[in-house]
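Asker: fold the stuff below for me.
(chains A, B, C and D)
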2 protein chains.
Amino acid sequence: MDLDARKLGILKAIIDEYIMSASPVGSRAISKHEEFNLSSATIRNEMADLEELGYLEQPHTSAGRVPSDKAYRLYVDQMMQRAALSDDEIKLIRAHMSARLDEVESVMKQTAQALSAVTNYTAMVMPPMLAANRLRHIQLVPLREGRALVVIVTTTGFARDAIIRVPEDIRTGELERISRLLTERYYDCRMDHIGEMIAKEMSGELYERRAFLCSVMEAVERKMAPDSPNVQLSGTTNMLHYPEYSDVNKAKTFLAAVEGRNMLYEMLKRASKLEFTITIGNENEDEMFKDCSIVTATYQVGDEPLGSFGIIGPTRMNYGKVISVLEYMRRSLSEMLSADQDDD
Amino acid sequence: MDLDARKLGILKAIIDEYIMSASPVGSRAISKHEEFNLSSATIRNEMADLEELGYLEQPHTSAGRVPSDKAYRLYVDQMMQRAALSDDEIKLIRAHMSARLDEVESVMKQTAQALSAVTNYTAMVMPPMLAANRLRHIQLVPLREGRALVVIVTTTGFARDAIIRVPEDIRTGELERISRLLTERYYDCRMDHIGEMIAKEMSGELYERRAFLCSVMEAVERKMAPDSPNVQLSGTTNMLHYPEYSDVNKAKTFLAAVEGRNMLYEMLKRASKLEFTITIGNENEDEMFKDCSIVTATYQVGDEPLGSFGIIGPTRMNYGKVISVLEYMRRSLSEMLSADQDDD
DNA sequence: GGTTAGCACTCAACAAAATAGAGTGCTAAT
DNA sequence: ATTAGCACTCTATTTTGTTGAGTGCTAACC
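Answerer: Here you go, the predicted structure:
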């Protein structure tokens, strides 16, 4: 007994139906599909086979069938068709993204909002990893005694700042000189290489201040790396619409898992190595997400992946739509970041 | 019939009991309090009176009584005693605040987390309004054609940046000169006065660039103002622990209201004019929060209020504890911001 | 007068029993 | 290979009964 075309068709019909309705699909419902033109009894036999093959599950005898994770995997890999975005959906996304986008953080926020609004699932967006960006400007600003603010600007217009300690023997004037020297020397260098380069620096004024400069770069690097609390979340409560979460406890568990953000951050970081990922139910390592599916995409400038973003929903998720939306967003986000970041 | 001492005592007992148990309080439960030494029948009579006076409500005949918003108001104004923080609670707060606090945003985040962890309600923290801060340094950094990044640092060590448009006729060198001029001229001026001052500027190089400088200051001012998405939220899911929200729909409504943040932001902004505010149930203008109570406090540097933060919980909230916690946080936050913001 | 015991009454909450309906698996006929 | 038919299973829903906490009122009590 193997998966012939008819079984595949029936399986797809069941999955499509279940994604819509969220309740077990019976043989009668499928037998009504005209393209099969089979009686419910025949469908029943096929369903029994599909169950034996591990693609369907029965919540209890006398209930319809529910697709297994294995079935969703097959569906995603082979049978699913992408759902092109409707004009309304594109309009909805545009509406969310139309506000001023002069700051990366707000782009991330709006992206998350747009994603959750179109899909009705939970969206997460990881801010760009700036390691591959290049230095444009570095400025040390003296504050009160023994403290200074370091501001870094990259060629793509991202700025980060951090408060640092300044050794006693550095006078105010020198900070300005160091700023100029650093900017000059490391202009257009990859951010993640500068620290190393300074450590190796062998000559001139910079050499003498090496220890201080290393502490500066350490602070900067800490700020360049996106960290878990910076993951933008939106639509966490969307999940409460779905019958899967009509039980308050399930909802609580989900929301708590998501609120922590750490897991999500780890997942997104891992996912940023691939253009797209789809992880279904049990494929998720994390116990909390065993009955969720997570779809992610990566955004980039040129060939350099900057970060990733994704959707969390029930395994019974509208994969076709979600993937289309992510694809659309991936493109527009990448465009937005590599082209202008206008201020109005 | 008026509120004599005995009625007041009974009312307080009922409120205290209801805050603990969340279920309607019956006459027998109160008659067991030794300090009254009255039979349940007498209590029943008193309860009937209290109901007539509007302090108690009955979910249905044959259920106990539940305090009304009016009762909570009386309780908060006159009968409540503050609950001093236990050592454990202080330890818990410290644990949340001990991580590196080199960035204001992370202080806000941690404050929110600490608040929600100690109180088990939902916490919100509004970032500081920097209007009253004074300028330390301003730097214009050229990016690609026609764009620059402006970075502002205040005496208290806050930094903000924004991308701005630069007119064609300004050469790169001039940006540097303008930076120096601005820093020199407006050093130690209140942030919210600089824009005005520039507009009035009548002489020298700055006069010629007035239009450009105004656009710079406009961008800066936009960034200085905290906005609704920057309100830090924590413990939104805490509410799901309480029986008030065991119904998924109630939970959904609450979470949706809170996720928007706009309302919260508006409330916090209004509240930042007062040291403390307590708003109970119906006193909340917003329909969504008609069965919540909101307690806020303001943090400041010197006499200047910077922003405020607060707790949202069921009207049946442990007011004494919440107020103590907010008082503690208000003090430590104000200290933290006016003293050092160390980087380690 | 205030206080209290006593009692009939109310009502939500829970549990047990009855019913309906959707769906299955199997068998025998086509 | 397909299908009609039927007995069977099991959940979900409705119905009915039961319990217990709590009330309001009255009449007795101090």
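Asker: so who does A:Leu53 touch?
Answerer: Taking Cβ atoms under 8 Å, 6 or more residues apart in numbering or on different chains as the definition of contact, the neighbours of A:Leu53 are A:Met1, A:Leu3, A:Lys7. C-beta: built from backbone N, CA, C; applies to glycine.
Asker: likewise A:Glu205?
Answerer: Under the criterion of Cβ under 8 Å, 6+ apart, the contact partners of A:Glu205 comprise A:Arg177, A:Ile178, A:Leu181.
Asker: what of A:Val220?
Answerer: With contact set as Cβ under 8 Å, 6+ apart, A:Val220 has these partners: A:Val150, A:Ile152, A:Arg160, A:Ala162, A:Met191.
Asker: coming back round to it: restricted to strands, list the contacts of A:Glu205.
Answerer: With strands defined by DSSP state E, no entry of the contacts of A:Glu205 lies inside them.
Asker: which among the residues you listed gets closest to DNA strand D?
Answerer: Top of the list for closeness to DNA strand D, among the contacts of A:Glu205 and by Cβ to the nearest atom of the strand, is A:Ile178 at 69.7 Å.
Asker: with adjacent residues omitted, what lies nearest to the closest one?
Answerer: Distances taken as Cβ to Cβ, 6 or more residues apart in numbering or on different chains put A:Leu140 closest to A:Ile178, at 6.1 Å, once the chain neighbours are dropped.
Asker: may I have the beta-bridge partners of that neighbour?
Answerer: Following DSSP bridges, A:Leu140 is listed with bridge partners A:Val150.
Asker: now A:Ala162
Answerer: In this structure, A:Ala162 has the following beta-bridge partners (DSSP bridges): A:Val150.
Asker: once you drop chain neighbours, what's closest to whichever residue of the stretch 201-344 of chain A sits closest to DNA strand D?
Answerer: Across the stretch 201-344 of chain A, the shortest distance to DNA strand D (Cβ to the nearest atom of the strand) belongs to A:Pro243, at 10.4 Å. Nearest in space to A:Pro243, with sequence neighbours left out and distances taken as Cβ to Cβ, 6+ apart, is A:Ala22 at 5.0 Å.
Asker: now do the contacts for that neighbour.
Answerer: Shown in contact with A:Ala22 (Cβ under 8 Å, 6+ apart): A:Tyr242, A:Pro243, A:Glu244, A:Arg316.
Asker: repeat the analysis, applying 10 Å as the threshold.
Answerer: With contacts taken as Cβ atoms under 10 Å, 6 or more residues apart in numbering or on different chains, A:Ala22 has the following neighbours: A:Val66, A:Tyr242, A:Pro243, A:Glu244, A:Pro314, A:Arg316.
Asker: how about A:Gln232, what does it touch?
Answerer: A:Gln232 is in contact with A:105-113, A:115, A:123-127, A:261, A:309, B:229, counting by Cβ under 10 Å, 6+ apart.
Asker: which bits of the stretch 1-150 of chain A sit near DNA strand D?
Answerer: Residues of the stretch 1-150 of chain A found near DNA strand D, taking Cβ under 7 Å from any atom of the strand as the criterion, are A:Asn37, A:Leu38, A:Ser39, A:Ala41, A:Thr42, A:Asn45, A:His60, A:Thr61, A:Ser62, A:Ala63.
Asker: before we move on, back to that, just the ones of the contacts of A:Gln232 in strands?
Answerer: Among these, the residues falling in strands (DSSP E) are A:Ala123, A:Met124, A:Val125, A:Phe309.
Asker: tally up the residues packed near A:Tyr328, please.
Answerer: With neighbours defined by other Cβ atoms under 10 Å in any protein chain shown, the count for A:Tyr328 comes to 19.
Asker: residues in contact with it?
Answerer: Taking Cβ under 10 Å, 6+ apart as the contact definition, A:Tyr328 lies against A:Ala84, A:Leu85, A:Glu89, A:Ile90, A:Ile93, A:Ala114, A:Leu115, A:Val118, A:Ala297.
Asker: the last one in helix, strand or coil?
Answerer: Assigned with DSSP: H, G, I helix; E, B strand; the rest coil, A:Ala297 falls in the strand class.
Asker: where does pLDDT dip in chain A?
Answerer: Using pLDDT under 70 as the threshold, the predicted model of chain A has low-confidence ranges A:99-102, A:143-144, A:157, A:228, A:339-344.
Asker: now for A:Ala132: which residues touch it?
Answerer: For A:Ala132, the contacting residues are A:154, A:156, A:190-193, A:300-306, by Cβ under 10 Å, 6+ apart.
Asker: count the residues that sit near the residue of chain A at minimum distance from DNA strand D.
Answerer: Residue nearest to DNA strand D within chain A: A:Ser62 (2.7 Å; Cβ to the nearest atom of the strand). By the criterion of other Cβ under 10 Å, A:Ser62 has 8 neighbours.
Asker: how far away is it from chain B?
Answerer: 27 Å (Cβ to the nearest Cβ, to the nearest Å).
Asker: do A:Pro67 as well
Answerer: With distances defined as Cβ to the nearest Cβ, the gap from A:Pro67 to chain B amounts to 25 Å.
Asker: now do the phi/psi pair for that residue.
Answerer: The phi and psi values for A:Pro67, taken as degrees, to the nearest 10, are phi -70, psi 140.
Asker: list the contacts for it?
Answerer: Contacts here follow Cβ under 10 Å, 6+ apart; on that basis A:Pro67 touches A:11-12, A:14-19, A:24-25, A:50, A:55-57, A:73-75, A:315-316.
Asker: hmm, 7 Å instead?
Answerer: For A:Pro67, the residues meeting the contact criterion (Cβ atoms under 7 Å, 6 or more residues apart in numbering or on different chains) are A:Ile14, A:Ile15, A:Tyr18, A:Tyr55, A:Leu56.
Asker: the last one is in contact with A:Met47, isn't it?
Answerer: Read it as A:Leu56. Yes. Proximity of A:Leu56 to A:Met47 meets the contact threshold set by Cβ atoms under 7 Å, at 6.2 Å.
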